[in-house]
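Student: Okay, predicted coordinates and the sequence, questions at the end:
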Amino acid sequence: MGYQEVYDSWKSDPEGFWMDAAEAIDWDKKPSKALTDLGDNLYEWFADGMVNTCWNAVDRHVEAGRGEQTAIIYDSPITHTKREVTFVELRNRVANLAGALRAKGVEKGDRVIIYMPMIPEALEAMLACARLGAVHSVVFGGFAANELAVRIDDAKPKAIIAASCGMEPGRVVHYKPLLDGAIELSNHKPDFCVVFQREQEVAELIEGRDFNWHGFQYGVEPAECVPVEGNHPAYILYTSGTTGQPKGVIRPTGGHLVALNWTMKNLYNVDPGDVFWAASDVGWVVGHSYITYGPLVHGNTTIVFEGKPVGTPDAGTFWRVISEYKVKSFFTAPTAFRAVKREDPKGEFVGKYDLSCLKAVYLAGERADPDTITWAQNQLKVPVIDHWWQTETGWAIAGNPLGIEELPTKLGSPAKPLPGYDVRILDEGGNPVAPNEMGAIAIKLPLPPGTLPNLWNAEERFKKSYLEHFPGYYETGDAGMIDEDGYLYIMARTDDVINVAGHRLSTGGMEEVLANHPDVAECAVIGVTDQLKGQLPMGFLCLNAGTEKPDADVVKECVKLVREKIGPVAAFKLCCVVDRLPKTRSGKILRATMVKIADSEAFKMPATIDDPAILDEIKVALKGLGYAKD
């Protein structure tokens, strides 16, 4: 069956479709039905099934005779370390850690916060929680103490599992003082902490509260897998909310297993035994879905990479890893490719490695501009697939399902909605708009398995954030359009659609034009307040390494480009060159924060910002354009 037949078969019998997909999972007790309607637009999948995530991700592969297959490849150019963990080793390590946690009182339903860098032990900690039916919440390693404290108070963990430190190029990030500070700040106190001591830094332990990872496991009985209900939370993942209070996205166990397992073949086109690499971090949703759970549940080898796309040691590090470990399917963020392209615009490093193993590249995390996709396609000679999803959904809403059928690529579009997602474009009143017209992107309820059923301890906030604006739909917060062929285009976050003298314009559309300039490596466009026109677009450009043209000339050419491609209606005149853009650690550009600085409004320092010093550089650039007044 091709894409359309598979999508139609889901649409004609959604529950039958997902019950079929559920057959690929090992259930302790199979669910009697797929969907439960709880009323009030709330739904659950496979609620009465009994299942264990760790069994499906680890033990069943050992039982099936594949224990000697490599489960995890750890590659850390920062610490010059490489090692491999087989499925049987992984099972033994996870069972021991789970046994030690159980001996200290952790059981089904208890929460455990994990605060670790990109090392195999982070995955082991997640799987050990899943083995016991405990609910983990991974907090990105190195998050500030007050942000960690907020999450401790919301999740109320019985235990915290941390590492002594994280490693960044040229520096050690001291995790333990941040953890101690967070526990001091929080009202809720964990019963105990487990600390994995890295050789780069051995942290001081607090007697009676802190335990050494290795000593803590000594002499304990390994734990068996504890079956949990299909609707039992596998984990809580905090995503920053607009109020500054984080939103705890709940991931239900049964739907999570079924959906992720389905995507590994149908979307990413890998078979059990193939090597799959998502170059992300376990602190983000991509790390949960496609470093830890998706590949392991499906029986793939996953790569845990502690490094950067450039500088560890050069712009060829991605290609080295792909070549060395025979990666078949590679997933990263567009921002990573832009960093590589900026350092190596001609792709000279690509030619140094044998990449014949690589069959496809997937980009997600923010909009993939056509220029980056074209560059990657030209260099790698494989399909480069932009696909779109959110922390809330846990897996792709739209993409090109290579395991079903390779759809023709349209630059700027993540292709078509995947089975499970009935995507609509609505106007402010909730009415459908015509093809090629921009509006709010909404998904008809119910959402498919594996997506969020609710927020942790915040049902009213869940309804207000996602369900109230368009009754009967999930509001994605993104704006875009669907063309006459059913291809979806994500143009901007809803709040990135700007109103210039009554014209609704997409900042994403302008970024697309700017990225096409041969000297521009990366760019961002924001809408700033204007007394006359309401809002005006403002562009920020980062230039390719080795650009010889004066900045003023590049700016002039870019202004002309936008005028030609979008028209005078865009009123695009404000533009400047900057060294770098402010981003979250996962690579999203902090446009909303830039807008506040431009409009001289107070703003809260984003918890996820990669380097706060960049905001001062942006402020200087904005002042040069007559904005960001003190």
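Tutor: Perfect, I can see it now.

Student: Isn't Asn544 up against His517?
Tutor: No - the criterion here is Cβ atoms under 8 Å, and Asn544 misses it with His517 at 9.7 Å. From N, CA and C alone the C-beta is placed, and that goes for glycine too.

Student: Between these two, which is the more surrounded one?
Tutor: Counted by other Cβ atoms under 10 Å, Asn544 and His517 do not tie: His517 has more neighbours, with 20 against 17.

Student: what's in contact with stretch 400-413?
Tutor: 1-3, 6, 265-270, 359-360, 369-370, 373-374, 383-387, 414-416, 418, 483, 485, 487-489, 512 (Cβ atoms under 8 Å, 6 or more residues apart in numbering).

Student: Please convert the buried members of those into ChimeraX selection syntax.
Tutor: Buried residues among those (16 or more other Cβ atoms under 10 Å), as a ChimeraX selection:
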select :3,6,265,266,267,268,269,270,359,360,369,370,373,383,384,385,386,387,414,415,416,418,487,488,489,512
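
Student: what are the ranges of the strands in the stretch 501-630 of the chain?
Tutor: Using DSSP state E, counting those that start in this stretch, the strands of the stretch 501-630 of the chain run over 503-506, 520-530, 534-543, 574-577.

Student: and Lys33, helix, strand or coil?
Tutor: Assigned with DSSP: H, G, I helix; E, B strand; the rest coil, Lys33 falls in the coil class.

Student: That one contacts Pro14, doesn't it?
Tutor: No - in this structure Lys33 lies outside contact range of Pro14 using Cβ under 8 Å: 11.8 Å.

Student: ok, these two, which is more surrounded?
Tutor: Ranked by neighbour count (other Cβ under 10 Å), Lys33 and Pro14 place Pro14 first, with 18 against 12.

Student: residues in contact with that one?
Tutor: So Pro14 contacts 34-35, 420, 448 (Cβ under 8 Å, 6+ apart).

Student: And it, how close does it get to Asp8?
Tutor: 11 Å (Cβ to Cβ, to the nearest Å).

Student: Give the bridge partners for Glu475, please.
Tutor: Ala442 (DSSP bridges).

Student: Can you get me a residue count around it?
Tutor: 18.

Student: Hmm, Gly439 and it touching each other?
Tutor: No - contact criterion Cβ under 8 Å: Glu475 and Gly439 do not qualify, at 11.6 Å.

Student: CSV for the contacts of Pro14, including distance to Leu178, pLDDT and neighbour count?
Tutor: Formatted as CSV, those follow (distance: Cβ to Cβ, whole Å; pLDDT from 0 to 100; neighbours: other Cβ atoms under 10 Å):
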residue, distance to Leu178, pLDDT, neighbour count
Ala34, 43, 98, 25
Leu35, 42, 98, 18
Gly420, 38, 98, 26
Pro448, 37, 98, 27
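
Student: Out of those, which comes closest to Ala159?
Tutor: Pro448 (32.3 Å; Cβ to Cβ).

Student: Tell me how far that closest one lies from Trp262.
Tutor: Per Cβ to Cβ, Pro448 is found 9 Å from Trp262.

Student: What of Thr292?
Tutor: On the measure of Cβ to Cβ, Thr292 and Trp262 end up 17 Å apart.

Student: swap in Asn96?
Tutor: Counting by Cβ to Cβ - Asn96 and Trp262 are separated by 31 Å.

Student: just Pro272 next, same as before
Tutor: Distance from Pro272 to Trp262, by Cβ to Cβ: 14 Å.

Student: residue boundaries of the helices in the stretch 51-200 of the chain?
Tutor: Applying DSSP state H, counting those that start in this stretch to the stretch 51-200 of the chain gives helices spanning 53-54, 60-61, 87-103, 120-132, 145-155, 175-185.

Student: Highest mean neighbour count out of these?
Tutor: Most buried of the helices of the stretch 51-200 of the chain by mean neighbour count (mean count of other Cβ atoms under 10 Å) is helix 53-54; its value is a mean of 28.

Student: what does it contact?
Tutor: Applying Cβ under 8 Å, 6+ apart, the set of residues contacting helix 53-54 is 94, 98, 127-128, 130-131, 225, 234, 253, 256-257, 293, 297.

Student: let's see it at 10 Å
Tutor: Identification of contacts with helix 53-54 by Cβ atoms under 10 Å, 6 or more residues apart in numbering yields 25, 60, 90-91, 94-95, 98, 126-133, 223-226, 228, 232, 234-235, 251, 253-254, 256-257, 260, 292-293, 296-297.

Student: Give the full set of residues in contact with Met19.
Tutor: 13, 30-35, 46, 258.

Student: Recalculate using a threshold of 8 Å.
Tutor: Contacts of Met19 (Cβ under 8 Å, 6+ apart): 31, 33-34.

Student: Give me the average confidence score over the host helix or strand of it.
Tutor: Assessed by DSSP states H and E, Met19 sits inside helix 14-22. Across helix 14-22, the average pLDDT comes to 98.

Student: For stretch 588-607, which residues meet the burial criterion?
Tutor: 588-591, 593-599, 606-607.

Student: So what touches it?
Tutor: Contacts of stretch 588-607 (Cβ under 8 Å, 6+ apart): 143-144, 147, 240, 244, 246, 335, 365-366, 493, 495-496, 507, 524, 526-529, 538, 540, 581-584, 608-609, 612, 615, 618-619, 622, 627-630.

Student: Buried subset of these as a PyMOL selection?
Tutor: This is how PyMOL selects the buried members of the contacts of stretch 588-607, with burial counted by 16+ other Cβ under 10 Å:
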select buried, resi 143+144+147+240+246+335+365+366+493+496+507+524+526+527+528+538+540+581+582+583+584+608+609+615+618+619+622+627+628
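
Student: Sort out for me which of the contacts of stretch 588-607 are in helices.
Tutor: Of the contacts of stretch 588-607, the ones assigned to helices by DSSP state H are 147, 335, 507, 615, 618-619, 622.

Student: Distance from the chain centre to stretch 144-155, please.
Tutor: 20 Å (Cα atoms, centre = their mean, to the nearest Å).

Student: Could I get the average pLDDT for that stretch?
Tutor: Here the average pLDDT along stretch 144-155 is 90.

Student: what's in contact with that stretch?
Tutor: So stretch 144-155 is contacted by 111, 113, 115, 135, 137, 139, 160, 178-179, 181-188, 190, 236, 238, 245-246, 248, 456-457, 607 (Cβ under 8 Å, 6+ apart).

Student: Direction included, what does the helix or strand of the chain with the lowest mean pLDDT pair up with?
Tutor: Using mean pLDDT, DSSP states H and E, strand 503-506 stands out as the lowest-scoring helix or strand of the chain, at a mean of 74. Using DSSP bridges, strand 503-506 pairs in its sheet with strand 497-500 (antiparallel).

Student: if you average pLDDT over the partner strand, what comes out?
Tutor: 80.

Student: of all the contacts of Pro14, which comes closest to Lys565?
Tutor: Among these, and counting by Cβ to Cβ, the member closest to Lys565 is Gly420, at 35.2 Å.

Student: That closest one and Asp483, how far apart?
Tutor: Distance from Gly420 to Asp483, by Cβ to Cβ: 21 Å.

Student: Quick check: closest non-adjacent residue to Asp519.
Tutor: Thr547 (4.6 Å; Cβ to Cβ, 6 or more residues apart in numbering).
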